[in-house]
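**Student:** Build me a structure from this.
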Amino acid sequence: MITLFLLIFVFMIVFGILGLCLKVTGGVLKLTCKLLFLVPACILCAALGVAFCCTLILIPLGIGCFKLTGALMGALV
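**Tutor:** Reported below is the predicted structural model:
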């Protein structure tokens, strides 16, 4: 388990150095981080929006969740 974290840390350092040297690698690393964090956040927010819209009182919160999902998807582009 520790070797896995060490390997990931080494890859992050290598990609970080390459990202400083090459803009393409930095763009790939940035896109990978966006995909790792924003896609699960979008899925979770959309699921919460559906759950909130199933109740009568929380429909405005559900609509807000759908708007936030759209904003997060816009950040991916």
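**Student:** Show the pLDDT at the closest residue to residue 65 other than its chain neighbours.
**Tutor:** Spatial nearest neighbour of residue 65, chain neighbours left out: residue 49 (3.4 Å); criterion: CB to CB, 6 or more residues apart in numbering. C-beta here means a position set from N, CA and C on the backbone, and glycine is covered the same way. Note on residue 49: pLDDT of 92.
**Student:** dump the residue contacts of residue 49.
**Tutor:** 62-66, 69 (CB atoms under 8 Å, 6 or more residues apart in numbering).
**Student:** got a winner among these for most neighbours?
**Tutor:** residue 65 (21 neighbours; other CB atoms under 10 Å).
**Student:** Can you name the residues that contact that one?
**Tutor:** Here residue 65 is in contact with 45-46, 48-49, 52 (CB under 8 Å, 6+ apart).
**Student:** Sticking with it, tell me its helix or strand.
**Tutor:** helix 59-76 (DSSP states H and E).
**Student:** So for that helix, mean pLDDT?
**Tutor:** 86.
**Student:** right, and residue 53 touches residue 59 too?
**Tutor:** Yes: between residue 53 and residue 59 a contact is recorded at 5.5 Å, counting by CB atoms under 8 Å.
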